[in-house]
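Visitor: Got a predicted model here, sequence first, then my questions.
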Amino acid sequence: MIDLLIIHAGELLTCRTDSNGAAGAELQQLEIILDGAVAIEGNRIIEAGATSALQQYFGDARKILDAHGRLVSPGLVDCHSHLVHAGSRHEEYERLITGRSNSVGRLDSGIRYTVNKTREAGDAFLRDQALADLDVMLAHGTTTLEAKSGYGLDYDTELRLLQIQHSLQHEIDVVSTYLGAHVLPDEYRDRRNDYIDLVIHTLPEAKPYAEYCDVCCDPIGFTPDECARICDAAKALGFRLKFHADQTGYSGGSELAAKYQAKSADHLDYISAEGIRSMALSGTIGVLLPSVTFHMMEMVPKIEKGRLVPAPKAFLPLAVQRMIEGGMWLAISADYNPGTSPSQSMQMAMQTAARLYRLGSPEIWHMSTINAAWALDRASDRGSIEVGKRADLVIWKVNHHGMVINRFGVNLVDTVIKNGKAVIENQKVIQV
């Protein structure tokens, strides 16, 4: 007996690839089934194809959902977020965009502001806010999310954040990452080695609550030698590795991520040619964060002391193209966080990736589904519509995949199906 049969998708966007992701020329090869259908049993897809080819299931389905010619895609996978935090940085942002202050804070000082607010917040507040944010993400089509700690930067708060992440009960699957090495906390400014020791000391306690260990190998974070110490200790305990790398300047983070065969290295704004080559060879996935580029206005001139200053990252479209030409596997994430990307919407990330990085719709869809699932070691289970995979699907209000990229500023999701059950329908939450 079929539990759910979806029929008459104007486009059934499978995002299937020859392996667990798409790179190079395969990024342009997007499989689309016209007038598509999907048969679901329990929480798994048992068949996908044209509606005419699945007619044998019509009489056996417990529920038939007619897509009425609309686009049906895999659920979106958001592979980089800082979900659990407290405090807003809207005042800092206004100073940044207007240039009306002579003391606009650096990114690392903004992170420390969030750290102080998060340390002060209670568990109930942090949990309730995270669940509310997950509700918004689900309504915008995200069905799997990675969540990092990193706003505690001490032993107790980092573990508290990881425990909260691990305990969240929500339709979205939350994959947890320990990011003790985010930036150096104020109390360790003159004791860098002591803080690295603390991060390493926390690893055994973090392991029950986190699959990955992330390190920030960046001028505002930690040096390659410091990150290597943490990575060695994390690997010995069975953590898989992720990197924040080369965001605010070149630091060798991408090369180090490749050396450790990290699952992903994220940001990569200042990646080197050697970093591209190394990551392509190692299979380390590069995660692009276009919402950060957009929100921080890094590709338009800035105003400082009443004068225009050239855009610091006008080179990014060319850098992204070089990553693709170099054979790197790439994913896209919204990077939800209170400072550089206070947006829960993967749709926004997809739409800004087109406008800022000059990526086409097929590339963006692969990077937001199957490649993003691969960045979380879950491409064998989700990220595409194919037999045996988890039935995480989105029915959109439009009939063509390119329209999701072309339009912006509104939520284009109509229905979200998670584990074979509709949890959002007509943009309304369904009590399952």
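Guide: Perfect, I can see it now. These numbers were taken from a predicted model, which means no experiment stands behind them. Numbering: from 1, shown residues only.

Visitor: From here on, just use CA atoms for contacts and neighbour counts.
Guide: Fine.

Visitor: Run through who's touching stretch 118-138.
Guide: Residues outside stretch 118-138 that contact it (Cα atoms under 8 Å, 6 or more residues apart in numbering): 83-87, 143, 151-152, 157, 160, 164, 168, 170-172, 344-346, 416, 424.

Visitor: Tell me which residues of it come out buried.
Guide: By neighbour count, with 16 or more other Cα atoms under 10 Å as the criterion, the buried positions of stretch 118-138 are 118-119, 123, 126-127, 129-131, 133-135, 137-138.

Visitor: Likewise for stretch 147-166?
Guide: Buried, per 16+ other Cα under 10 Å, within stretch 147-166: 147-155, 157-166.

Visitor: starting at the chain centroid, how far to that stretch?
Guide: Relative to its parent chain, stretch 147-166 has a centroid offset of 18 Å by Cα atoms, centre = their mean, to the nearest Å.

Visitor: ok, now stretch 155-173?
Guide: 17 Å.

Visitor: Please state the mean pLDDT value computed over it.
Guide: Mean per-residue pLDDT for stretch 155-173: 97.

Visitor: how is this structure carved up into domains?
Guide: 4-74+384-429, 77-374 (automatic domain parsing).

Visitor: got a list of what the residue lying closest to residue 66 once chain neighbours are set aside touches?
Guide: Nearest residue to residue 66, sequence neighbours excluded (Cα to Cα, 6 or more residues apart in numbering): residue 7, at 5.1 Å. Residues near residue 7 by Cα under 8 Å, 6+ apart: 35-38, 51, 64-68.

Visitor: downstream neighbour of the regular element (helix or strand) spanning residue 7 in the secondary structure list?
Guide: Element membership for residue 7, per DSSP states H and E: strand 4-13. Scanning forward in sequence from strand 4-13 by DSSP H and E, the next helix or strand is strand 32-41.

Visitor: could you check the angle strand 4-13 makes with that next one?
Guide: 160 degrees (axes from the mean of the first three to the mean of the last three Cα atoms, to 10 degrees).

Visitor: following strand 32-41, which helix or strand shows up next?
Guide: strand 44-50.

Visitor: Point out the other helices and strands that that next one packs with.
Guide: strand 32-41 (3 or more Cα pairs under 8 Å, 6 or more residues apart in numbering; DSSP states H and E).

Visitor: Just checking: what are the partner strands of the strand it packs on?
Guide: The strands beside strand 32-41 in its sheet (DSSP bridges) come out as strand 4-13 (antiparallel), strand 44-50 (antiparallel).

Visitor: Just the C-alphas of that strand, formatted as PDB.
Guide: Extracted in PDB, the C-alpha atoms of strand 32-41 (Å, rounded to 0.1, in the frame of the first residue of the first chain):
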ATOM      1  CA  ILE A  32      13.700  17.200 -15.000                       C
ATOM      2  CA  ILE A  33      10.800  14.900 -15.400                       C
ATOM      3  CA  LEU A  34       7.800  16.600 -17.000                       C
ATOM      4  CA  ASP A  35       4.300  15.800 -15.600                       C
ATOM      5  CA  GLY A  36       6.200  13.900 -12.800                       C
ATOM      6  CA  ALA A  37       5.000  11.700 -10.000                       C
ATOM      7  CA  VAL A  38       6.500  10.300  -6.800                       C
ATOM      8  CA  ALA A  39       5.300   7.200  -4.900                       C
ATOM      9  CA  ILE A  40       6.100   7.100  -1.100                       C
ATOM     10  CA  GLU A  41       5.800   4.300   1.300                       C
END
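
Visitor: For that strand, what is the distance to the chain centroid?
Guide: The answer for strand 32-41 is 26 Å, by Cα atoms, centre = their mean.

Visitor: And stretch 306-320, by the same measure?
Guide: Chain-centre distance of stretch 306-320: 23 Å, with Cα atoms, centre = their mean.

Visitor: Ok, stretch 406-425 next?
Guide: That offset, for stretch 406-425, works out to 17 Å (Cα atoms, centre = their mean).

Visitor: got the contact list for that stretch?
Guide: 3-4, 40-44, 75, 138-141, 143, 171-172, 347-348, 351, 390-398, 404, 426-427, 429-432.

Visitor: Just the helices from the stretch 301-432 of the chain, written as ranges.
Guide: 316-325, 346-357, 361-368, 370-374, 401-406 (DSSP state H, counting those that start in this stretch).

Visitor: Can you say which of those is packed in most?
Guide: helix 370-374 (a mean of 31; mean count of other Cα atoms under 10 Å).

Visitor: Pull the residues that contact that one.
Guide: 15-16, 20-22, 77-79, 287, 329-333, 366, 379-380, 382-384.

Visitor: Same check on stretch 32-41?
Guide: Contact partners of stretch 32-41, identified using Cα under 8 Å, 6+ apart, comprise 1-14, 45-51, 54, 57, 69, 391, 420.

Visitor: Quick one, which of the residues you listed are buried?
Guide: Among the contacts of stretch 32-41, those buried by neighbour count (16+ other Cα under 10 Å) are 2-14, 45-51, 54, 57, 69, 391, 420.

Visitor: low-confidence ranges in the chain?
Guide: The model of the chain has pLDDT under 70 over residues 100-108, 429, 431-432.

Visitor: follow-up on the earlier one: give me the buried entries from the contacts of stretch 118-138.
Guide: 83-86, 143, 151-152, 157, 160, 164, 168, 171-172, 344-346, 416, 424.

Visitor: Quick one: mark the members of those residues that sit in strands.
Guide: 143, 416, 424 (DSSP state E).

Visitor: Save those residues as a markdown table, and put in distance to residue 253 too.
Guide: Listed next are these as a markdown table, based on distance: Cα to Cα, whole Å:
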| residue | distance to residue 253 |
| --- | --- |
| 143 | 29 |
| 416 | 37 |
| 424 | 39 |
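
Visitor: Pull the distance from stretch 368-386 to the chain's centre.
Guide: 12 Å.

Visitor: So for residue 277, which of the strands paired with strand 32-41 sits nearest?
Guide: With Cα to Cα, the closest approach to residue 277 among these belongs to strand 4-13: 30.8 Å.

Visitor: Send me the closest one as PDB with only the CA atoms.
Guide: Output in PDB follows, covering the C-alpha atoms of strand 4-13 (Å, rounded to 0.1, in the frame of the first residue of the first chain):
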ATOM      1  CA  LEU A   4       1.400   9.100  -0.500                       C
ATOM      2  CA  LEU A   5       1.300   9.500  -4.200                       C
ATOM      3  CA  ILE A   6       2.200  12.900  -5.700                       C
ATOM      4  CA  ILE A   7       1.100  13.300  -9.300                       C
ATOM      5  CA  HIS A   8       1.100  15.900 -12.100                       C
ATOM      6  CA  ALA A   9       4.300  17.900 -11.100                       C
ATOM      7  CA  GLY A  10       4.800  20.300 -13.900                       C
ATOM      8  CA  GLU A  11       8.500  19.700 -13.300                       C
ATOM      9  CA  LEU A  12       9.800  16.900 -11.100                       C
ATOM     10  CA  LEU A  13      13.300  18.200 -10.300                       C
END
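
Visitor: Okay then, goodbye and thanks.
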